[in-house]
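[1] quick one, what's the 3D model for this:
(chains A, B and C)
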Amino acid sequence: MFQQPATLLHVLDLVGVAVFAASGALSAGRKGLDLLGVLVIAVVTAIGGGTLRDILLDRHPIFWIADPVYLVVIAIAALITLLYVRHRQPPGRALAIADALGLALFTITGTRIAEAAHVAPLIAVAMGTMTGVAGGMVRDVLSAEIPLILRRDIYATAAIAGSTVYVALQAAGVGRDAAALIGLAVVVLLRLLAIVWGLRLPVFRIEE
Amino acid sequence: MFQQPATLLHVLDLVGVAVFAASGALSAGRKGLDLLGVLVIAVVTAIGGGTLRDILLDRHPIFWIADPVYLVVIAIAALITLLYVRHRQPPGRALAIADALGLALFTITGTRIAEAAHVAPLIAVAMGTMTGVAGGMVRDVLSAEIPLILRRDIYATAAIAGSTVYVALQAAGVGRDAAALIGLAVVVLLRLLAIVWGLRLPVFRIEE
Amino acid sequence: MFQQPATLLHVLDLVGVAVFAASGALSAGRKGLDLLGVLVIAVVTAIGGGTLRDILLDRHPIFWIADPVYLVVIAIAALITLLYVRHRQPPGRALAIADALGLALFTITGTRIAEAAHVAPLIAVAMGTMTGVAGGMVRDVLSAEIPLILRRDIYATAAIAGSTVYVALQAAGVGRDAAALIGLAVVVLLRLLAIVWGLRLPVFRIEE
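    A predicted model of the protein is given here:
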C-alpha cells in the first residue's frame, strides 16, 4: 500500500497536511493572530511532527525541504479555511473526522519511516506517535497554552495504539500493507469513539 | 558583497547578533528574570533562528559551535544592556532601527545560506524568514507569551518581502550583491515604515 | 571514571534519567494532565537536554534511539511516581538531592560528550549546561510557564560552575576522572547550598 502506488500515498499525505493546516488556522483564529501568524501556525501544525521525526532520525533533506509542494498545500488550505469561516461556522464534525484521518496517516507513515531506519520497535512507535501529535503540541505552545493532547481525551493514545498494532501485526507475520491498513483503522476508530463517547484517560492531580 | 569582504559580512553578522541579544535582554528584564535567565534569553534570541536553519539544512557544525565568538558577543551585549538600563530608559528608537537592521541581515544571510544548499526558491525564502524571526519566537515562548510576530504589525512580513525580492531579482538576472543590498533595504524600509505608520496585517478572529 | 566502568556510568546515567522523569511526572501532576500527558512530560524532561545536545553536535543515532532502555526506565519511573504520590506526599528533600545529582551527572556527561566532538571549551561548558537544564525548560514550556531555571535560585549557575571547573582542571593538567568527580561535586554542593541557604542570583527588572 505504501510503496507501489506512490501517488496515492503522496495524495493521502498531502490530505493529512491540508487537514492539519486547517486545524492550525482555526486555532490561530481563536487567538486573534494576524494573517501571517495564522499562516505560521498552520505550517507548524502541519509539518512540525514530521520535521522533528526527520531531525531525530537524521533524515535529510527534511521532507518539506525536498518537496516544496507541502508548503503550497498548507498555504492554500489555511487561506481556504480563513475564507470559509468568514461566513460560516467551521464544520466541526467534518473537521474532527478529517483530523482523525490525518492523525492516523501521520502516525502510520511516521512509524514506517522509523522502521526503515532500523530502530527498535518501541522507538518506531514513539516516532510514529510523535509524527502524529508533535505538530499540534507546537501549535499549542506557540499559542501559550498547555498542549491539548496532554490533557484531553484519547488522542496520542489512539496514535500509540494504532502504531503498536501495526508493529505487532508485522512481528506476527502479517504483511506490511494489511498491517498498515489495520493500524490506520485502529487510530481512526479509537479517536472517533473517544469523541462520540467522551472517553478520557484518568487525570492525575497532585494536591499542593 | 557577501563573499569578498568576509570580514565586513562577519562584522555585520555580529552586529545583528548583538542587537538581538540586547532585545532579548530587555524582554527578559520585563519579566523579572535573574541574571542567568537574562543571559539564556539573550542567547536564544540571538542564535535561535540561525540554529534552527542550520539544523534543518543539516549544516554542521552549527555556526556558533564553529565560532565561539558569537556567544562572547552575546554575553557582552546582554551585560551592557543590563548596565545601561539600570540608569537610563532603553533607547527605544535606536533599538527599533538596530532591530530592523538585524532582521534584514539575518533574513538575507539566511536566504543566501539556503540557496547555497540548492533548495527551491520558496524554501530559500522560508529559511531566510525563519532565520530572521525564529529567535524572537523562542524568546517569547520561553517568556510564556504568544510570539509577538504572530500578532504584531508587519515584522515577518518585511522579512518575507525582502527575501522574495532578493530571490526574484537574481532570477531576473540581477547580480547577487546588488540583489542582496536591495533585499536588505526592502526589509529595513518596510519594517520602519510599519512602525512609523502603525501598519498591520488584517487580524483574523473567529467567534466561539 | 567515565570510560572503564562503562556499566557504572550507564547505571548513573539511567539514575539521572529516572530522577528527571520523576520530577517531570510530579510537575505534570500539579497541572492536572492525564496519564499520557504525565508520560510525555516525564520523557521530555528526562531526555530533552541530551537530545538537543546530540542534535546540535550532529551525533547520531540520538542516545535514546540507539538504546531504548531509556524510554523504558522513564516510563517505569513515571508510573512509580504516580503510584507513590497517590497515597503519600512527594518526598521533597530526597527529590531535591536526587535532582541535584541528576543535574550534576547530565552536566558533566554532556560536557564530556561535547569535548569528544572537539569543540572550544566555552562551547563544551554551554553544551554541558544545556544537557543538564534544557529538559526542565521544555517541561516548563509545555506547562505554559516561564521556565523555573530562568527565574529561580542557583540552578543553571551550578551547572555552569561545575562544567567550568571540570574543563579548567583538565586544562591545568588534572586527570579527566578526578576533574569529573570534582566537577560533579561542585554542581551538587552549589545546588544544595543554594536550596539550604536560599541563594539567588540578582534579579533584573525593568520598569515600564
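
[2] the least confident helix or strand in chain A by mean pLDDT packs against which elements?
    Counting by mean pLDDT, DSSP states H and E, chain A has its least confident helix or strand at helix A:6-30, which shows a mean of 82. Counting contacts by 3 or more CB pairs under 8 Å, 6 or more residues apart in numbering or on different chains; DSSP states H and E, helix A:6-30 packs against helix A:35-56, helix A:69-87, helix A:92-116, helix A:121-142. (Glycine included, C-beta is placed from N, CA and C.)

[3] chain C: which of these is closest?
    Minimum separation from chain C across the helices and strands packed on helix A:6-30 (CB to the nearest CB) falls at helix A:121-142, 4.6 Å.

[4] what helices or strands is that closest one leaning on?
    Short answer (3+ CB pairs under 8 Å, 6+ apart): helix A:121-142 packs on helix A:6-30, helix A:35-56, helix A:92-116, helix A:156-171, helix B:121-142, helix C:69-87, helix C:121-142.

[5] hmm, back to that, list the buried ones in the least confident helix or strand of chain A?
    A:9, A:12-29 (16 or more other CB atoms under 10 Å in any protein chain shown).

[6] could I get the helices and strands packed on helix A:6-30 in a markdown table, plus columns for mean neighbour count?
    Below are the helices and strands packed on helix A:6-30 laid out as a markdown table (neighbours: other CB atoms under 10 Å in any protein chain shown):
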| stretch | mean neighbour count |
| --- | --- |
| helix A:35-56 | 25 |
| helix A:69-87 | 17 |
| helix A:92-116 | 22 |
| helix A:121-142 | 25 |
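
[7] mean pLDDT lowest where, among the ones you listed?
    Out of the helices and strands packed on helix A:6-30, helix A:92-116 stands lowest, with a mean of 87 (criterion: mean pLDDT).

[8] so what's the residue lying closest to A:Ala120 once chain neighbours are set aside up against?
    Nearest residue to A:Ala120, sequence neighbours excluded (CB to CB, 6 or more residues apart in numbering or on different chains): C:Pro68, at 4.4 Å. For C:Pro68, the contacting residues are A:Ala120, A:Leu122, A:Ile123, by CB atoms under 8 Å, 6 or more residues apart in numbering or on different chains.

[9] mind running it again at 10 Å?
    A:Val119, A:Ala120, A:Pro121, A:Leu122, A:Ile123, A:Ala124, A:Ala126 (CB atoms under 10 Å, 6 or more residues apart in numbering or on different chains).

[10] equivalent analysis for A:Thr107, please.
    A:16, A:49, A:125, A:127-133, A:156, A:158-163, A:166, A:183-184, A:186-187.

[11] hmm, try it at 8 Å
    A:Gly128, A:Thr129, A:Thr131, A:Gly132, A:Ala159, A:Gly162, A:Ser163, A:Gly183, A:Val187.

[12] same question, A:Thr111
    A:Thr111 neighbours (CB under 8 Å, 6+ apart): A:Ala124, A:Val125, A:Met127, A:Gly128, A:Thr131, A:Ser163, A:Tyr166, A:Val167, A:Gly183.

[13] now the fourth one: closest residue in space that isn't a chain neighbour?
    Read that as A:Gly128. A:Thr111 is the one closest to A:Gly128 (CB to CB, 6+ apart), at 3.1 Å.

[14] A:Ile195 reaches A:Ile97, doesn't it?
    No - between A:Ile195 and A:Ile97 there is no contact under CB atoms under 8 Å: 9.2 Å.

[15] so who does the nearest residue to A:Val138 once chain neighbours are set aside touch?
    Once flanking residues are discounted, A:Val138 sits nearest to A:Gly48: 4.3 Å by CB to CB, 6+ apart. Contact analysis of A:Gly48 by CB under 8 Å, 6+ apart lists A:Ala134, A:Gly135, A:Gly136, A:Met137, A:Val138, A:Arg139.

[16] just the closest of the residues you listed to B:Leu36, please.
    Nearest to B:Leu36, judged by CB to CB, of these is A:Val138 at 25.8 Å.

[17] so who does that closest one touch?
    With CB under 8 Å, 6+ apart, A:Val138 has these contacts: A:Val44, A:Thr45, A:Gly48.

[18] the second one: what's it in contact with?
    Shown in contact with A:Thr45 (CB under 8 Å, 6+ apart): A:Phe20, A:Ala21, A:Ser23, A:Gly24, A:Ser27, A:Gly135, A:Gly136, A:Val138, A:Arg139.

[19] 7 Å instead?
    If you count contacts by CB atoms under 7 Å, 6 or more residues apart in numbering or on different chains, A:Thr45 has them with A:Phe20, A:Ala21, A:Ser23, A:Gly24, A:Gly135, A:Gly136, A:Arg139.

[20] from B:Phe106, how far off is whichever residue of chain A sits closest to chain B?
    Closest approach of chain A to chain B (CB to the nearest CB) occurs at A:Gly37, with a separation of 3.2 Å. Distance of A:Gly37 to B:Phe106, computed by CB to CB, to the nearest Å: 19 Å.

[21] and what of A:Gly50?
    Distance from A:Gly50 to B:Phe106, by CB to CB: 25 Å.

[22] swap in A:Leu36?
    Taking CB to CB, one finds A:Leu36 at 17 Å from B:Phe106.

[23] contact residues of chain A facing chain B?
    Within chain A, the positions lying close to chain B (CB under 7 Å from any CB of the partner chain) are A:26, A:29-38, A:40-41, A:55, A:60, A:62, A:65, A:68, A:71, A:82, A:85, A:141-144.

[24] my read: A:Ala180 touches A:Leu105, true?
    No - with contact defined as CB atoms under 7 Å, A:Ala180 and A:Leu105 do not form a contacting pair (10.0 Å).

[25] A:Tyr70 reaches A:Gly50, doesn't it?
    No - in this structure A:Tyr70 lies outside contact range of A:Gly50 using CB under 7 Å: 8.8 Å.

[26] which residues are common contacts for those two?
    A:Phe63.

[27] contacting residues for A:Ala46?
    Applying CB under 7 Å, 6+ apart, the residues near A:Ala46 are A:Val17, A:Phe20, A:Ala21, A:Gly24, A:Ile74, A:Gly135.

[28] surely the last one is in contact with A:Phe20?
    So that's A:Gly135. Yes - using CB under 7 Å, A:Gly135 makes contact with A:Phe20 at a distance of 5.8 Å.
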